[in-house]
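**Q** with the input below, show me the fold.
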Amino acid sequence: MEIKFLKKYKDFKDLKKDAHYSTFGPPRGFSDEEITKIEKDLNNGNSLPQAYKEFLAIGGKFNSIQLDDYKENYLKAVEYYKEKAAKRRIVISRPIAIIHNLDGALFSFIYLDEGDNPQPWNLSTSKGYDTDDGEILYKMPFKTFKDLVEKLVYLSENGLSV
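**A** Residues are numbered from 1 along each chain as shown. So this is what the prediction gives:
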């Protein structure tokens, strides 16, 4: 797969710059066939955003940049967190991919129908994780998925945590 958006993440994997490598190894991605199955499961067979496909190919099974690894459980994660969102009266009817969760009380996701490099979002499933303004659903401080991944690559390369 040609990498258009996540070149820094690909270099990170290829150059083995991360301190976690000695313990956990480099990022491990899904095959093209596995990504096609994820597209079918998560996005009704429609193409996933290019940046997200690149992420899955580079480190979808193990990313080593502090995002959650759902391995083959991507669909279960989406179903689980959509149910938790519904309990807070937030209905997500569009296709999404879960990219992270915090204590099971907040999850981060991207909409799969927002172009090739979508905006990441947070959704609080517990009132304690709402914004100071009481927002349950809000944009992450990254304009694109690429921006988020590049920040996490930088933090990992420099031994910093999120």
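
**Q** helix or strand with the lowest mean pLDDT in this protein?
**A** When each helix and strand of the chain is scored by mean pLDDT, DSSP states H and E, helix 21-24 comes last, with a mean of 60.

**Q** so after that helix, what's the next helix or strand?
**A** Using DSSP states H and E, the next helix or strand after helix 21-24 towards the C-terminus is helix 32-43.

**Q** buried residues in that following helix?
**A** The neighbour-count check on helix 32-43 (16 or more other C-beta atoms under 10 Å) flags 34, 35, 38, 39, 42, 43 as buried. Quick note: C-beta positions are derived from backbone N, CA and C, even for glycine.

**Q** same question, stretch 80-95
**A** So for stretch 80-95, counting by 16+ other C-beta under 10 Å, buried means 80, 81, 82, 84, 85, 92, 95.

**Q** can you give me the strands in the chain?
**A** Here the chain has its strands, by DSSP state E, at 96-102, 106-111, 120-124, 137-139.

**Q** can I get the ones you listed in a markdown table with mean neighbour count, distance to residue 30 and mean pLDDT?
**A** Formatted as a markdown table, those follow (neighbours: other C-beta atoms under 10 Å; distance: least, C-beta to C-beta, whole Å; pLDDT from 0 to 100):
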| stretch | mean neighbour count | distance to residue 30 | mean pLDDT |
| --- | --- | --- | --- |
| strand 96-102 | 21 | 13 | 94 |
| strand 106-111 | 22 | 16 | 96 |
| strand 120-124 | 21 | 20 | 97 |
| strand 137-139 | 13 | 27 | 97 |
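
**Q** so for residue 58, which of those sits nearest?
**A** Closest to residue 58 of the strands of the chain, according to C-beta to C-beta: strand 96-102, at 13.7 Å.

**Q** and the contacts of the closest one?
**A** Here strand 96-102 makes contact (C-beta atoms under 8 Å, 6 or more residues apart in numbering) with 42, 48, 52, 67-68, 70, 74, 77-78, 81-82, 107-112, 120, 129, 145, 148.

**Q** and residue 159, which of the strands of the chain is closest to it?
**A** The minimum distance between residue 159 and the strands of the chain falls on strand 96-102, with 19.7 Å, by C-beta to C-beta.

**Q** how far does that closest one sit from its chain's centre?
**A** 5 Å (C-alpha atoms, centre = their mean, to the nearest Å).

**Q** next one: stretch 150-158
**A** 15 Å.

**Q** now swap in stretch 115-130 and tell me
**A** A distance of 11 Å separates the centroid of the chain from that of stretch 115-130, by C-alpha atoms, centre = their mean.

**Q** great, nothing more from me.
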